[in-house]
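Colleague: quick one, fold the following:
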Amino acid sequence: MSGGLVALLDDVAVIARLAAASIDDIGAAAGKAGVKAIGVVVDDTAVTPQYVQGFTPDRELPIIKKIALGSLRNKLVFILPAAMLLSQFLPWALTPLLMVGGAYLCFEGAEKIHEALTGEHHGDDSESAAAIGSPEHEKLMVSGAIRTDFILSAEIMALSLAEVAGEPFGSRLAILVVVAIMITALVYGVVALIVKMDDLGLKLANARTGSGQALGRALVKGMPKVLSVLSVVGTAAMLWVGGHILLVGLDTLGWHEPVHILHDWEHAAEEATPVAPGLVKWLVETLGSLLFGWFVGSVITTVLRFLPKKHAAAAH
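Modeller: Below you'll find the model as predicted:
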């Protein structure tokens with residue numbers, strides 16, 4: 001009996017070591033997959049702070065919490081099951097679906113630029129009627145942020161899925177769950193830090209030390225400018241990510257010319273620049289994707305302007 005118990009304990013120990021190794025492998029794979037999506041993570045972080053502008057400080061963190069929970073729901077409840085099923089049974093459908101999301105990002109970014117240049121606003125009537133900072137306005141901002149997050153989250157999950165496509169189904173599922181939780185915590189943790197930095201500045205401004213007071217005043221004065229810059233960066237990020245998704249999708253579907261033209265520009269800029277050629281190449285690729293995204297988004301925006309108003313409003 002004791003010999004059987006010892007053997008059983010040995011088997012349990014072996015299984016425990018294998019489980020620990022599997023957890024380590026999943027963690028490493030999740031980290032690798034998350035690194036591939038880091039560009040989209042930066043975009044998501046830049047886009048989100050604009051949704052808390054105009055609200056009182058006591059509502060900022062609750063709004064971010066609502067958006068974060070919506071983002072996690074997007075990833076785990078909607079995107080993850082769909083991605084796993086499609087990758088298992090209809091892998092060819094992933095690219096067209098991602099391109100639809102990319103086109104939506106391009107539309108959102110181009111529309112924001114149009115509104116900034118013309119002063120026009122093409123949102124729905126309920127958004128126009130909602131007073132800034134009111135519960136109705138908060139609900140609209142949260143739903144808009146979660147809607148935009150859905151596209152960015154889909155891109156993050158798709159990039160991560162591509163990195164672990166060769167793994168067994170169970171491992172892929174576990175890795176993507178870890179990525180979803182890890183990325184959401186990272187993005188909205190940073191967003192919360194950004195939007196509460198001015199409150200920290202107010203506390204430091206009342207500090208006893210002169211250096212603390214100076215830092216506090218600098219934070220209070222600087223954070224509105226930082227948020228304004230992030231709003232611009234967020235709009236550019238929509239166009240950059242959306243344009244990049246479309247370019248890669250077109251290349252995958254067989255139309256290689258746009259990507260080849262952009263690569264030619266990258267190589268030409270890299271060869272013509274003796275200093276930091278890699279950075280220059282990345283800048284050209286980013287600018288090219290952004291301009292392509294702006295072009296596509298402008299076309300969509302122009303088409304929607306000629307649709308009946310109720311249909312155009314439904315697009316929002």
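
Colleague: all contacts plus neighbour counts: C-alpha atoms, from now on.
Modeller: Fine.

Colleague: what's the distance between I175 and L159?
Modeller: 12 Å (Cα to Cα, to the nearest Å).

Colleague: got it, and V248?
Modeller: Remark: distance between V248 and L159 (Cα to Cα) = 12 Å.

Colleague: ok, then the element right after the longest helix seen in the chain?
Modeller: Identified as the longest helix of the chain according to DSSP state H is helix 210-253. As assigned by DSSP states H and E, the chain's next helix or strand after helix 210-253 is helix 257-272.

Colleague: ok, and what's touching that following helix?
Modeller: Contacts to helix 257-272, defined as Cα atoms under 8 Å, 6 or more residues apart in numbering, come from residues 247-248, 251, 277-278, 280-282, 284-285, 288.

Colleague: and stretch 90-106, by the same measure?
Modeller: The list of residues contacting stretch 90-106 from outside it, by Cα under 8 Å, 6+ apart, reads 83, 86-87, 148, 151, 154-155, 238-239, 241-246, 249, 252, 293-294, 296-298.

Colleague: circling back: in terms of neighbours, single out the busier of I175 and L159.
Modeller: Neighbour totals were compared for I175 and L159, and I175 leads with 26 against 19 (other Cα atoms under 10 Å).

Colleague: what helix or strand is the more buried one located in?
Modeller: Counting by DSSP H and E, I175 is part of helix 169-195.

Colleague: where in the stretch 201-316 of the chain is pLDDT low?
Modeller: Within the stretch 201-316 of the chain, the segments meeting pLDDT under 70 span 308-316.

Colleague: could you redo the last one with a cut-off of 80?
Modeller: Low-confidence regions of the stretch 201-316 of the chain, defined here as pLDDT under 80, cover residues 201-202, 204-213, 219-220, 223-231, 233-234, 274-276, 307-316.

Colleague: give the buried residues for stretch 69-82.
Modeller: For stretch 69-82, a neighbour-count test (16 or more other Cα atoms under 10 Å) marks 69-76, 79-80 as buried.

Colleague: distance from the chain centre to it, please.
Modeller: Shown here is stretch 69-82, whose average C-alpha point lies 13 Å from the average C-alpha point of the whole chain (Cα atoms, centre = their mean, to the nearest Å).

Colleague: now swap in stretch 236-248 and tell me
Modeller: Chain-centre distance of stretch 236-248: 12 Å, with Cα atoms, centre = their mean.

Colleague: just the C-alphas of stretch 231-240, formatted as CSV.
Modeller: The C-alpha atoms that make up stretch 231-240 are tabulated as CSV, following Å, rounded to 0.1, in the frame of the first residue of the first chain:
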residue,chain,number,x,y,z
SER,A,231,-5.9,63.3,-28.9
VAL,A,232,-4.0,64.2,-32.1
VAL,A,233,-1.8,61.1,-31.7
GLY,A,234,-4.9,59.0,-31.3
THR,A,235,-6.4,60.2,-34.5
ALA,A,236,-3.2,59.6,-36.3
ALA,A,237,-3.0,56.1,-34.8
MET,A,238,-6.4,55.2,-36.1
LEU,A,239,-5.3,56.1,-39.6
TRP,A,240,-1.9,54.4,-39.2
